[in-house]
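K.L.:
Would you be able to build a 3D model of this:
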Amino acid sequence: MTKRHQLALATALVAALALGASGCSDTKKGSQGAGGVNPAAANDGLTIGGTPAKGGTLTVLSNQDFAHLDPARNWVMPTMDFGTRLLYRTLVTFKAEPGKGGSELVPDLATDLGTPSNGGRTWTFTLKEGLKYEDGTAIKAADIKYNVERSFAPDLTGGPDYAAQYLAGTEGYKGPLQGKHLDSVKTPDDRTIVFELKRPVAEFSATTTLPTFAPVPQSQEKGPQYDARPFSSGPYKIESYDRDKKLVLVRNEHWDPKTDSVRKAYPDKFVVVMGLKGGQIDDRIIAGEGADASTVEWANMRPESAPKVLPKPEIKKRLLAESQGCTTMLHLNNSRAPFNDPKVREAMQYAVDKEAVVTAGGGPALTEVATSYLPPALAGGKQADPLKIAPAGDPAKAKELLKAAGKESLKVSFSVSTGDKGRAEAIQQGLARAGVEVVIDTVDPGAYYDVIGDLSTTPDMSLSGWCPDYPSGSTWIPFVFDGRTIKPKGNQGNNSQFRDDATMKRIDEINAMADAKEANQAWRDLDAAIMAKSPSVPLYLERKPLLVGTNIAGAFGHPVWVGQIDYATVGLKDPTKSQG
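P.N.:
Residues are numbered from 1 along each chain as shown. This next block holds a predicted model:
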């Protein structure tokens, strides 16, 4: 999924803590040399606060509302975590564990991880007994089928499109709102659902962790208004939702923990307070006074707050900063000059000063240089580095390549979100060393992806990232580098407009592999092959810094949900100290 970051980032704040200026491949280390420990990594793989007690109110302080809570439209990683852990369940989900354990699939609504047949083209799931909605009615297989069908509705935009990619017979289908249903999703009885796919999909179990595969009963359909009041199949239900201001969740008394091995549902209530300023949120949780002791923050801690946290052990022990597992890239517009020339694109790989970009993002405690497209989670736990370019770049080599391409001087346009202006300037300065003049255009965050996703307004260069929806290269490379995904409007993922026949052929070959292990290695090999063609420049990997209050327990950054707190297990040390 697209990584939409809207933070205004200060420069060199964490670097001022004597962490140095360069990234490194070992996320436990800084850049002071071998053994330099990154203070932001102190709680990697750990759970903060011990085991929660049951009860109380946990408050989430946020600078924003949720993009979508409708499970057919929910495709932003942290919000998928919130929705699928608290409000609705999916056929399969991920373990609630920090570190590598969190990437393990476990049954959720289903009794197992699904049974493939017909060479991996048919997948059958059986629902557990005793599953109920918030009103006590039974959850049926037909309700999951209905939500899968809803994901095709033109009015319900923004959600995952794996159903459209994988299911057979979906051409021209526009969803169930007009009474039409998919023949490729069958429900022979209330507890059985069968998916007929257009090709074998070895990791289809993982696909069913997405909100698309949560149940929505047809009787509750409200079209676009369903966003404001999803009908609960999870441990909590919506008591009230004042958009952009406050969301209150209370217990769903019909949720049966005997059917759910993942969600612990410790608090009695979740309250999400929205519209706060990022620095204000940081300061409140750092102080941890009164009700703020029982709070967590939704969006990342601001880089300028790092000096208030990292040097102070008592506060640092309340900081989660897991890797987000996403790669941010400088996309080069391959559809026109000068970046339709592979030599010019290769020169950009050498011209960029990634060290400066990392510093602009708060320093190496929170940001790491990227050396390949696939993030470490999809590359065996460690980044590949096929080009072996120094983090600060090699402007002399870049000049040599540009000269060979007959482009000794270039002037290019570069659009970025206003929050990324500091990083854009670091890129601008790095490219200037190689004789490339960059003209920066800052765009309001709310309009940025519309601008770079409209082929009539796409600049020469843009900045965006991509995160895997689950640990498979199939959720990454085809979205970012398959030329067939490019759209005239609403284009996302393939922002470089990279159309390469050999790459598309190999994507199809890997997608046809029945062995997931073989496919994962093939994605890694293809990653290196695409790096050699340089459609984009991988820039950095980010951590997700999140502060929690002194009364918070059971908090860890989940490896699948881009380091967001796993809302399945978080709670309070002492519920009597909470308010609300």
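K.L.:
Please work out how many residues are found near residue 91.
P.N.:
The tally of other residues near residue 91 (other C-beta atoms under 10 Å) stands at 30. C-betas here are computed from N, CA, C, even on glycine.
K.L.:
Spatially, what comes nearest to it if we skip its sequence neighbours?
P.N.:
residue 208 (4.0 Å; C-beta to C-beta, 6 or more residues apart in numbering).
K.L.:
per-residue confidence for that neighbour?
P.N.:
Residue 208 carries a pLDDT value of 98.
K.L.:
what does residue 450 give?
P.N.:
Residue 450 carries a pLDDT value of 85.
K.L.:
which other residues reach stretch 394-405?
P.N.:
Outside stretch 394-405, the residues within contact range by C-beta atoms under 8 Å, 6 or more residues apart in numbering are 338, 341, 343-344, 346-348, 350-351, 408, 410, 430, 433-436.
K.L.:
Can you select the buried ones from the residues you listed in ChimeraX?
P.N.:
To isolate the buried members of the contacts of stretch 394-405 in ChimeraX, using 16 or more other C-beta atoms under 10 Å:
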select :338,341,344,346,347,348,350,351,410,430,433,434,435,436
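K.L.:
Residue 492: which of the contacts of stretch 394-405 is nearest?
P.N.:
Closest to residue 492 out of those is residue 348 (21.5 Å), distances taken as C-beta to C-beta.
K.L.:
Among the contacts of stretch 394-405, which are located in helices?
P.N.:
Among the contacts of stretch 394-405, the residues falling in helices (DSSP state H) are 343-344, 346-348, 350-351, 430.
K.L.:
Which of the residues in stretch 160-177 are classified as buried?
P.N.:
Under the neighbour-count criterion of 16+ other C-beta under 10 Å, stretch 160-177 has 160, 162-163, 165-168, 170, 173, 175-177 buried.
K.L.:
Relative to the whole chain's centre, how far out is that stretch?
P.N.:
Distance, stretch centre to chain centre, for stretch 160-177: 23 Å (C-alpha atoms, centre = their mean, to the nearest Å).
K.L.:
Repeat that for stretch 306-323.
P.N.:
Per C-alpha atoms, centre = their mean, the centroid offset for stretch 306-323 relative to its chain is 23 Å.
K.L.:
average pLDDT across it?
P.N.:
For stretch 306-323, the per-residue pLDDT values average out at 95.
K.L.:
Kindly export that stretch (C-alpha atoms) in CSV.
P.N.:
In CSV, the C-alpha atoms belonging to stretch 306-323 read as follows (Å, rounded to 0.1, in the frame of the first residue of the first chain):
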residue,chain,number,x,y,z
ALA,A,306,13.6,13.4,20.0
PRO,A,307,16.0,15.5,22.2
LYS,A,308,13.3,15.5,24.9
VAL,A,309,13.1,11.7,24.8
LEU,A,310,16.3,9.8,23.6
PRO,A,311,18.7,11.2,26.2
LYS,A,312,16.3,10.5,29.1
PRO,A,313,16.1,6.9,30.2
GLU,A,314,12.8,7.2,32.0
ILE,A,315,11.1,8.6,28.9
LYS,A,316,13.0,6.6,26.4
LYS,A,317,11.7,3.4,28.0
ARG,A,318,8.2,4.5,26.8
LEU,A,319,9.2,5.0,23.2
LEU,A,320,8.5,2.4,20.5
ALA,A,321,10.3,2.9,17.3
GLU,A,322,10.1,-0.2,15.2
SER,A,323,11.0,-0.3,11.5
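K.L.:
Could you give me the buried positions within that stretch?
P.N.:
So, applying 16+ other C-beta under 10 Å, buried residues of stretch 306-323: 306, 308-310, 315-316, 318-323.
K.L.:
just to revisit the earlier point, ok, the contacts of stretch 394-405 vs residue 259, which is closest?
P.N.:
Distance to residue 259, by C-beta to C-beta, is smallest for residue 348 among the contacts of stretch 394-405, at 52.3 Å.
K.L.:
tell me the contacts of residue 558?
P.N.:
By C-beta under 8 Å, 6+ apart, the contact set of residue 558 is 81, 94, 96, 98, 102, 322, 564-566.
K.L.:
ok, so of the ones in helices among the contacts of stretch 394-405, who is nearest residue 245?
P.N.:
For the ones in helices among the contacts of stretch 394-405, the nearest to residue 245 is residue 430 (41.9 Å; C-beta to C-beta).
K.L.:
I'd assumed residue 351 was in contact with the closest one.
P.N.:
Yes - using C-beta atoms under 8 Å, residue 430 is in contact with residue 351, at 6.3 Å.
K.L.:
Can you pick out the most distant pair from the buried residues of stretch 306-323?
P.N.:
Largest separation among the buried residues of stretch 306-323 by C-beta to C-beta: 308 and 323, giving 22.2 Å.
K.L.:
rewinding a little: the buried residues of stretch 160-177 in helices, which ones?
P.N.:
Going by DSSP H, the helices hold 162-163, 165-166 from the buried residues of stretch 160-177.
K.L.:
Minimum pLDDT in the residues you listed, which residue is that?
P.N.:
Taking those together, the minimum pLDDT is found at residue 165 (89).
K.L.:
Now do it against residue 188, distance only.
P.N.:
Going from residue 165 to residue 188 by C-beta to C-beta, to the nearest Å gives 24 Å.
K.L.:
before we move on, what about residue 297?
P.N.:
46 Å.
K.L.:
higher neighbour count, these two?
P.N.:
Shown here are residue 297 and residue 188; by other C-beta under 10 Å, residue 297 has more neighbours (24 against 10).
K.L.:
Which residues are in contact with that one?
P.N.:
Counting by C-beta under 8 Å, 6+ apart, residue 297 touches 60-62, 281-282, 285, 546-548.
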